[in-house]
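[1] this one's structure only:
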């Protein structure tokens with residue numbers, strides 16, 4: 001249990017690992033690997049690269065061997081190791097793909113061919129060409145994801161030896177790495193690779209800032225050596241006393257993350273209190289939370305600095321608990337807690353899920369973990385304009401933060417997907433609550449506009465504006481969501497209080513009493529206390545919300561002598577007549593807390609159980625149920641809106657799927673219909689028509705019980721050979 005050294009970015013040696021060390025490393029994690037195949041690949045590469053030298057004068061073979069070592073660090077199969085050793089032979093020597101196919105098999109030949117094509121891609125070009133090159137890279141990834149893993153290993157070693165190139169060349173490659181390859185490594189979950197690529201790029205893009213920060217970190221580590229050791233020992237002691245086996249370490253955060261924080265918060269290094277991170281690795285997930293509790297018992301946690309990525313993993317499947325506490329001597333301490341398995345995923349990402357003999361494929365459960373790659377490929381087929389395609393994948397692939405500015409130039413770092421409403425709440429809750437419009441880059445825009453890097457945002461406020469529940473459909477930040485929900489909750493409470501007063505007063509008048517006389521009595525206070533409520537007002541609110549029956553309250557607080565009298569029965573109200581008229585058997589939707597209210601499912605959006613819904617009273621006195629966000633509800637009268645939710649009696653709702661297929665695939669229609677029959681779903685209607693470019697469009701209408709069942713049908717149809725795309729049809 002000790003302080004881990006600075007990252008490899010601080011290394012100054014060019015010593016290269018050997019082939020023997022490579023073989024030992026592969027045997028350590030893959031004892032049954034075909035090391036003879038790896039040795040033959042090395043000999044082939046060494047012979048073909050023998051006349052070549054790198055910029056530093058060393059034999060060129062050192063580069064592919066180093067790349068193979070990085071691939072071995074990812075614990076990949078021998079085929080990928082061989083591809084790493086051979087990845088430059090076709091591009092830089094007289095070797096051919098046919099030679100590799102004959103000597104090492106078509107799988108390795110295909111991997112080398114994929115990496116060779118990637119090596120020919122140059123991103124430092126105009127935007128459209130850059131987008132097209134990025135498209136090619138995704139195609140190579142989809143065919144065999146090991147191709148991009150070898151390419152990332154290749155780029156990592158190139159960055160380690162970048163100092164031998166001219167300064168202008170260094171900056172070009174570093175910018176390309178920072179913009180393309182580091183975000184890609186991050187999206188694949190390759191934490192160690194992403195960190196090194198960012199720090200190496202930082203070194204060459206901002207050399208002065210890098211060297212200054214490096215000196216500061218090293219000096220601070222030397223000054224705080226005893227303190228760091230003390231924190232490690234303290235954590236190890238409390239964990240061991242609890243009977244938990246754990247590995248505790250401390251390490252400096254990587255330089256680029258520290259630099260970004262300094263820029264984002266406009267602070268010098270001596271104001272960065274958490275440049276060190278302490279890590280606790282345990283065996284079981286439950287122990288993560290146990291250790292978290294022990295640390296919070298030992299030191300006071302800092303509010304707002306706890307993040308649970310175990311229950312809510314990052315998009316790249318990173319899992320860990322992060323907390324910051326006031327440690328010894330009143331200094332801030334950041335602690336990360338995860339299992340050993342989570343740590344392997346955090347460092348190795350997609351490579352941590354590898355199955356040795358699947359030839360570039362992932363197991364079905366792991367395909368779901370990297371569903372984003374499948375979505376990128378679907379978008380690749382849909383977009384004809386490469387620039388539009390690149391723009392569409394940026395949200396999915398690249399950095400999570402968006403850098404925006406106030407009109408005075410103040411930097412505001414927002415989560416990707418943020419809108420002007422998020423921006424307004426970031427400034428102040430009052431600004432967010434009274435936000436009535438926004439000007440972005442000098443132009444008036446809708447409040448649901450998604451902000452982009454570099455946008456300058458001006459918020460327009462109005463004293464008459466109030467938070468709108470529709471904002472919840474598009475805001476991205478928890479701050480905005482929480483403030484809006486708090487306002488809505490306050491408004492709902494006020495309405496519930498008013499309704500509760502009306503219901504109680506109506507019930508009391510049956511006995512010639514009024515709420516004004518009863519609400520201050522000891523009987524009302526006692527009943528509120530009996531029901532564990534915080535006072536009479538809360539009791540009335542619960543009546544208005546429908547959680548407590550008004551008749552129950554009245555019978556509890558009135559004297560027996562009054563209750564024994566025959567209550568006066570008032571004429572039926574308009575509301576009660578409406579409810580009686582439309583009430584029928586329960587059939588899956590609860591309207592304002594009442595089951596059995598007559599309703600219809602809107603055909604324009606065909607919502608399914610599992611999707612958020614909203615109801616509107618129609619002119620025919622029924623409830624039309626729409627999916628929240630349905631465009632047809634925008635102009636509807638808000639006064640007609642009612643609260644609806646899915647009940648327990650739903651049996652099935654109509655839905656349509658559009659399946660675009662290849663023509664000329666024998667038996668494909670039969671396979672598609674078999675998907676429905678296997679799931680015991682009846683097809684209500686089917687329509688098949690010819691489409692351009694040798695494709696066919698098939699519309700299937702059927703009844704699905706909920707959104708999950710629809711997703712299963714969609715996934716199974718997408719898995720059929722000859723199916724290009726499956727999408728939901730809105731009538």
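    Yes, it's here. Keep in mind that this is a model prediction, so the values were computed, not measured.
[2] can you report how many residues neighbour residue 425?
    Neighbour count of residue 425, defined by other C-beta atoms under 10 Å: 27. C-beta: built from backbone N, CA, C; applies to glycine.
[3] how about the nearest residue to it, chain neighbours excluded?
    Nearest residue to residue 425 in three dimensions, chain neighbours excluded: residue 432, at 3.2 Å (C-beta to C-beta, 6 or more residues apart in numbering).
[4] hang on, that neighbour in a strand?
    No: under DSSP: H, G, I helix; E, B strand; the rest coil, residue 432 falls outside any strand and is assigned helix.
[5] so residue 337 is in which element?
    Secondary-structure element containing residue 337, defined by DSSP states H and E: strand 332-339.
[6] list the strands paired with that strand, with their directions.
    strand 276-282 (parallel), strand 321-326 (antiparallel) (DSSP bridges).
[7] would you convert those into a markdown table that also reports mean pLDDT?
    Below are the strands paired with strand 332-339 laid out as a markdown table (pLDDT from 0 to 100):
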| stretch | mean pLDDT |
| --- | --- |
| strand 276-282 | 90 |
| strand 321-326 | 91 |
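[8] what's the closest of those strands to residue 644?
    Evaluated with C-beta to C-beta, those place strand 321-326 nearest to residue 644, the distance being 37.6 Å.
[9] list the buried residues in that closest one.
    Of the residues in strand 321-326, 321-325 count as buried by neighbour count, 16 or more other C-beta atoms under 10 Å.
[10] next one: that strand to chain centre, how far?
    Counting by C-alpha atoms, centre = their mean, to the nearest Å, strand 321-326 is centred 22 Å from the centre of its parent chain.
[11] quick one: contacts of that strand?
    Outside strand 321-326, the residues that touch it by C-beta atoms under 8 Å, 6 or more residues apart in numbering are 274, 288-289, 292, 295-296, 298-302, 305-310, 332-338.
[12] and for residue 160, the neighbour number?
    Applying other C-beta under 10 Å, we find 16 residues neighbouring residue 160.
[13] correction: the previous question concerned residue 631.
    For residue 631, the tally of surrounding residues (other C-beta under 10 Å) stands at 10.
[14] same check on the one 5 residues further on?
    Counted with other C-beta under 10 Å, the neighbours of residue 636 add up to 16.
[15] confirm it sits in a helix?
    No: checked against three-state DSSP, residue 636 lies outside a helix; its state is coil.
[16] now do the SS call for the nearest residue to it once chain neighbours are set aside.
    Leaving aside its sequence neighbours, residue 636 sits nearest to residue 616 (C-beta to C-beta, 6+ apart; 5.3 Å). Look at residue 616: counting by three-state DSSP, its state is strand.
[17] isn't residue 616 up against residue 626?
    Yes: assessed by C-beta atoms under 8 Å, residue 616 is found in contact with residue 626 at 7.0 Å.
[18] identify the contacts common to the two.
    In terms of C-beta under 8 Å, 6+ apart, residue 616 and residue 626 are both contacted by the residues residue 633.
[19] so between the two, which is more surrounded?
    With neighbours defined as other C-beta under 10 Å, residue 616 and residue 626 compare such that residue 626 has more, 23 against 20.
[20] residues touching the more buried one, list them.
    Residues counted as contacts of residue 626 (C-beta under 8 Å, 6+ apart) are 602, 604-605, 607, 613-616, 632-633.
[21] if any of these are buried, put those into a ChimeraX selection.
    ChimeraX command restricting the contacts of residue 626 to the buried ones, with burial defined by 16+ other C-beta under 10 Å:
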select :602,605,607,613,614,615,616,633
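[22] okay, buried residues for stretch 414-425 please.
    Within stretch 414-425, the residues scored as buried using 16+ other C-beta under 10 Å are 414, 416, 418-425.
[23] now the helices: where do they sit in the stretch 101-250 of the chain?
    Using DSSP state H, counting those that start in this stretch, the helices of the stretch 101-250 of the chain run over 106-119, 127-143, 146-160, 167-176, 182-187, 191-205, 207-223, 225-241.
[24] tell me the spacing between the residue nearest to residue 425 and residue 33.
    Going from residue 432 to residue 33 by C-beta to C-beta, to the nearest Å gives 57 Å.
[25] those two - which one has more neighbours?
    When residue 432 and residue 33 are compared for neighbours, residue 432 comes out ahead with 26 against 19, by other C-beta under 10 Å.
[26] was I right about the more buried one contacting residue 418?
    No: distance between residue 432 and residue 418: 12.0 Å, which falls outside the contact criterion (C-beta under 8 Å).
[27] overlap in contacts of the two?
    Between them, residue 432 and residue 418 share no contacting residue, judged by C-beta under 8 Å, 6+ apart.
[28] mind listing what the closest residue to residue 520 other than its chain neighbours touches?
    If the residues on either side of it in the chain are set aside, residue 520 comes closest to residue 536, at 7.7 Å by C-beta to C-beta, 6+ apart. The contact partners of residue 536, by C-beta under 8 Å, 6+ apart, come to 519-520, 524-525, 528.
[29] go again with 10 Å.
    Residue 536 makes contact with 518-521, 524-525, 527-529 under the criterion C-beta atoms under 10 Å, 6 or more residues apart in numbering.
[30] then residue 287?
    Residues counted as contacts of residue 287 (C-beta under 10 Å, 6+ apart) are 239, 242-246, 280-281, 337, 339.
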